[in-house]
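Trainee: got a predicted model here, sequence first, then my questions.
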Amino acid sequence: MSETTPVYDVGAPEPQPVDEELSMKLGHLAEDAILRAKPNGDEKCSNCLYYLDTDSDLTYCWHPKLRILVGGDWWCQWWEEIEEDA
């Protein structure tokens with residue numbers, strides 16, 4: 001007699017109310033921040049002062065009005081040039 005591992009049917013994943021709420025909040029933040037998933041000319045998150053890890057394609061933006069994960073090619077209205085050391 002062989003024992004088998006029980007199979008559980010967890011169903012297809014479905015968004016929960018918290019997911020919809022967070023999606024709406026992020027959508028409002030993106031609208032308010034003029035946050036775009038493409039660069040604005042030469043300005044993009046990966047060459048912005050607030051992009052935490054410039055060696056990463058996805059990292060944390062520490063601008064006080066955003067503070068979210070962003071992609072390196074993204075851009076927002078608060079883009080700020082990284083000052084060169086004198």
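Mentor: Nice, I can see it. Numbering: from 1, shown residues only.
Trainee: buried by neighbour count: which residues of the worst-scoring helix or strand of the chain on mean pLDDT qualify?
Mentor: Of all helical and strand segments in the chain, the minimum by mean pLDDT, DSSP states H and E falls on helix 17-33, at a mean of 88. For helix 17-33, a neighbour-count test (16 or more other CB atoms under 10 Å) marks 30, 33 as buried. (Each C-beta comes from the backbone N, C-alpha and C, glycine too.)
Trainee: next structured bit after that helix?
Mentor: strand 58-61 (DSSP states H and E).
Trainee: can you list contacts of the helix or strand following that following strand?
Mentor: Remark: after strand 58-61, the chain's next helix or strand is strand 68-71, criterion DSSP H and E. The contact list for strand 68-71 (CB atoms under 8 Å, 6 or more residues apart in numbering) reads 26, 29, 35, 37, 45, 51, 57-61, 76.
Trainee: cool, and stretch 38-50?
Mentor: Contact with stretch 38-50 is made by 51, 54, 57, 61-63, 66, 70-76, 78-83, as judged by CB under 8 Å, 6+ apart.
Trainee: just the buried residues of the residues you listed.
Mentor: Members of the contacts of stretch 38-50 classed as buried by 16+ other CB under 10 Å are 51, 61, 63, 66, 70-72, 74-76, 78-79.
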